[in-house]
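**Q** sequence and computational prediction follow.
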Amino acid sequence: MAGASLRVPTVLSADELMDKSFKRASKISKKGSDALDGRKKTALAKVTASGDIVISTLDGYVGKFPRIDKGEDFFPELIDLVIGIDRYKKALGALNWASNRIEKLKNESLREIKGTKDPKRIDGARNSFYGRMSSVIKRIGDDLLFLQESKNKLRRLPAVDPGVPTLVTAGFPNVGKSSLVARLSTAEPEIAPYPFTTKGIVIGHIKDDWRVFQVIDTPGLLDREFEDRNKIERQAVLALRYLTDVMVFILDPSESCGYSMDRQSALLDAVRGNFPGVPIIVAESKSDMLDRHGENISFSAETGEGVDALMERVLPLMRASLREKAARAEGE
């Protein structure tokens with residue numbers, strides 16, 4: 001489930017839902033064989049229409065909001081952080097309960113109206129249904145409000161496709177991550193909003209023959225020591241772990257980024273500990289300023305030197321990830 005594909009409906013408040021229902025019912029008038037028959041047919045039609053509008057609206061919300069289960073996947077983890085999966089499921093469950101309850105109340109009222117010839121009982125059954133339905137809708141008022149707020153938050157999630165193999169860059173600020181993403185991308189990288197960072201994540205795309213891969217820089221997440229993070233930021237890193245197929249960790253041996261190599265190496269160790277099983281390629285940037293000619297790949301995002309050699313290491317891993325994703329999709 002990608003952020004870009006999350007199309008969820010606008011959710012009416014409890015008052016708006018009742019207004020929609022009662023306005024529709026107020027316009028209904030039926031003719032009968034006599035005054036009593038007309039009264040009965042009108043009451044039946046009003047109860048049916050008002051109830052069905054609410055039921056279909058609630059069922060529509062339940063059906064159109066995405067099904068989300070906790071698991072080892074990027075968006076469930078992210079959504080749990082943003083809105084809380086347990087509360088989300090509770091709200092959808094409340095709407096489902098309300099729909100079923102109103103269906104039952106509607107059918108009871110229709111039976112009562114059909115079974116009487118007393119005008120007062122006809123009007124009483126209709127009005128009783130209106131009142132009982134209103135009570136049910138008011139009971140889920142907080143759930144409707146929560147889902148509307150959730151919709152607004154879901155729409156702001158980054159347009160990342162977890163089904164596409166993803167290269168993530170890491171390293172301290174100013175080591176050259178965003179410059180590398182720009183250098184690798186087939187077009188101008190997009191800045192997408194992301195919870196827990198005011199800068200947004202940088203999303204680019206790499207073309208490899210007919211294949212397309214994502215390359216992402218995550219300012220605010222993988223660019224400082226882990227002990228400096230709060231609990232939510234640590235969970236955000238966990239969510240990112242499920243998205244990352246390959247990582248390029250960038251060191252700046254010139255230390256012009258403002259961080260010593262000792263601190264950069266310590267961050268690399270911390271990232272390795274938090275991304276078990278993820279292939280991590282260590283690369284040294286700013287080779288135009290300082291090239292140590294060590295065991296790590298050296299490159300310059302400014303001049304392009306060494307970038308092809310870096311991609312010769314990256315692309316086989318990305319292709320392997322693509323094959324794994326395709327095999328998993330076929331098995332599902």
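**A** Received, thanks.
**Q** ok, Glu108 - how many residues close by?
**A** By the criterion of other CB atoms under 10 Å, Glu108 has 15 neighbours. C-beta coordinates here come from the backbone N, C-alpha and C atoms, glycine included.
**Q** how much space between it and Arg234?
**A** 52 Å (CB to CB, to the nearest Å).
**Q** in the stretch 201-332 of the chain, which spans are strands?
**A** 211-217, 246-251, 280-284, 297-298 (DSSP state E, counting those that start in this stretch).
**Q** return the most buried member of those strands.
**A** Ranked by mean neighbour count, the strands of the stretch 201-332 of the chain are led by strand 246-251 with a mean of 25 (mean count of other CB atoms under 10 Å).
**Q** so what strands line up beside that one?
**A** Applying DSSP bridges to the sheet, strand 246-251 is found paired with strand 166-170 (parallel), strand 280-284 (parallel).
**Q** give me the contacts around the first one.
**A** Residues external to strand 166-170 that are found in contact with it (CB atoms under 8 Å, 6 or more residues apart in numbering): 160, 177, 180-181, 184, 206, 213-218, 222-223, 240, 243-250, 267, 271, 314, 318.
**Q** okay, and the helix or strand of this protein with the least pLDDT?
**A** In the chain, the helix or strand scored least confidently by mean pLDDT, DSSP states H and E is strand 190-194, which has a mean of 70.
**Q** just the helices in the chain please.
**A** 14-26, 35-64, 74-82, 85-114, 119-139, 141-155, 177-184, 231-243, 261-274, 307-331 (DSSP state H).
**Q** remind me which residues of the stretch 201-332 of the chain are low pLDDT?
**A** 228, 231-232, 235, 332 (pLDDT under 70).
**Q** quick one: closest of the helices of the chain to Ser285.
**A** Closest approach to Ser285 among these (CB to CB): helix 177-184, 7.2 Å.
**Q** so how far is the closest one from its chain's centroid?
**A** How far helix 177-184 lies from its chain's middle: 26 Å, per CA atoms, centre = their mean, to the nearest Å.
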